[in-house]
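Engineer: Below are the sequence and a predicted model; questions follow.
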Amino acid sequence: MIKNGCQGEDVKSIQEILKKLGYKPGPLDGVFGEKTENAVIQFQESYCLYADGVVGQNTWTALHSALAVSMDEQVHPLTSHDKQGKLLDWVRVPADQYRDGYDRFFLREDAAAAYMKIREHVIKAGGKLTSSGARRALNAHVGASRSATSFHYIGRALDLFVGSGMENRAKDPFIVTPDEGRYWRVFARAEGGTEMELNAVTYGSRNHGKSITGKFIDITELFEKEGFKRIRARRSFLKGGSWLGAEWWHFQYEKGLEKGISTFGDELLKVYTERQLQGSPPWQYRNRIFNLDWF
């Protein structure tokens, strides 16, 4: 088990492999620090391994297998994409762990910077920002509830912890209120917030809210100010369908995207090489256009 704090030749080998695979472990000095840990976590997420930043047997094997594939691809290279440029960094940002949610997650660097501005405001007011995750591995399962064109693949989306709102109006860190067009507005409890009376809904009472008073800050407004947009609840949710259709927790960073011009493929190529994308479910939809057939 090789982890943060370890030193030696094995650590240096891990760093060298990570660098060859396109990750950024920091200096190749045999010292397992935060940069190496971040690179290991990114590798583990990309290969659907348990992302704890620790190199156990499974991660060790996966690293060497990935290196062998990479070396073969260098001998038989793929055609380069003419729009490939310098990749944006993945940045690990903090979250407030609530129940079994996460205390950190990854976003691409511009989205991460915007998120940190929001977090600073929320924490200063005495609120919380929880997390159910953000970045999604390229080979992650897709289906009816997990789109292959999700903003999670391109580092532009995050999910607040799904159990931190719409469950208990009296205790949840977030209060969710209905808005027009199947949208929600999310408010965080905060001692430094504004006294409000809100029409709070829950998973069990999704069409009929209940009045609740307290001090809150408008999370939706903060996210929108920094370029993050909310998405609609699924129609099925409001008709008694699965709670997974609520989507109140999802915010996606749309700043810089041009309607009718920006493509899903161009955004993928800002955080992954074409070699990494080849054969992945998201890459099949690279020609989707923002606000036309990709939202």
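Structural biologist: Thanks, I have it.

Engineer: show me what contacts the residue nearest the centre of the chain?
Structural biologist: Taking CA atoms, centre = their mean, the centroid of the chain lies closest to residue 134, which sits 1.4 Å from it. Taking CB atoms under 8 Å, 6 or more residues apart in numbering, we find residue 134 in contact with 105, 106, 107, 152, 155, 157, 158, 159. Glycine gets a C-beta too; all of them are placed from N, C-alpha and C.

Engineer: That one and residue 90, how far apart?
Structural biologist: 10 Å (CB to CB, to the nearest Å).

Engineer: what residues do these two have in common as contacts?
Structural biologist: With CB under 8 Å, 6+ apart, residue 134 and residue 90 have common neighbours 106, 107, 155.

Engineer: can you redo the residues you listed as a markdown table with pLDDT?
Structural biologist: Output for these, formatted as a markdown table (pLDDT from 0 to 100):
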| residue | pLDDT |
| --- | --- |
| 106 | 95 |
| 107 | 96 |
| 155 | 96 |
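
Engineer: Excluding chain neighbours, give the residue nearest to residue 131 in space.
Structural biologist: residue 95 (3.6 Å; CB to CB, 6 or more residues apart in numbering).

Engineer: give the contact list for the one you found.
Structural biologist: 101, 102, 103, 104, 105, 129, 130, 131.

Engineer: ditto for residue 116
Structural biologist: Residue 116 sits next to residue 93 when contact means CB under 8 Å, 6+ apart.

Engineer: Which SSE is immediately downstream of the helix or strand containing it?
Structural biologist: Secondary structure assignment for residue 116, by DSSP states H and E: helix 109-124. Next in sequence after helix 109-124, counting helices and strands by DSSP H and E, comes strand 157-159.

Engineer: domain parsing for the protein?
Structural biologist: Domain assignment of the chain by automatic domain parsing yields the ranges 9-75, 87-295.

Engineer: With distance to residue 1 as new columns, can those be given to me in CSV?
Structural biologist: Shown next, in CSV, are these (distance: least, CB to CB, whole Å):
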stretch, distance to residue 1
domain 9-75, 5
domain 87-295, 20
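
Engineer: Lowest average confidence across those domains, which one?
Structural biologist: Of all these, mean pLDDT reaches its minimum on domain 9-75 (a mean of 86).

Engineer: And residue 275, its phi and psi?
Structural biologist: With angles defined as degrees, to the nearest 10, residue 275 sits at phi -60, psi -40.

Engineer: what about it, neighbour count?
Structural biologist: 17 (other CB atoms under 10 Å).

Engineer: about what we covered before: please list only the buried members of the contacts of residue 95.
Structural biologist: Burial by neighbour count, judged by 16 or more other CB atoms under 10 Å, picks out 101, 102, 105, 129, 130, 131 from the contacts of residue 95.
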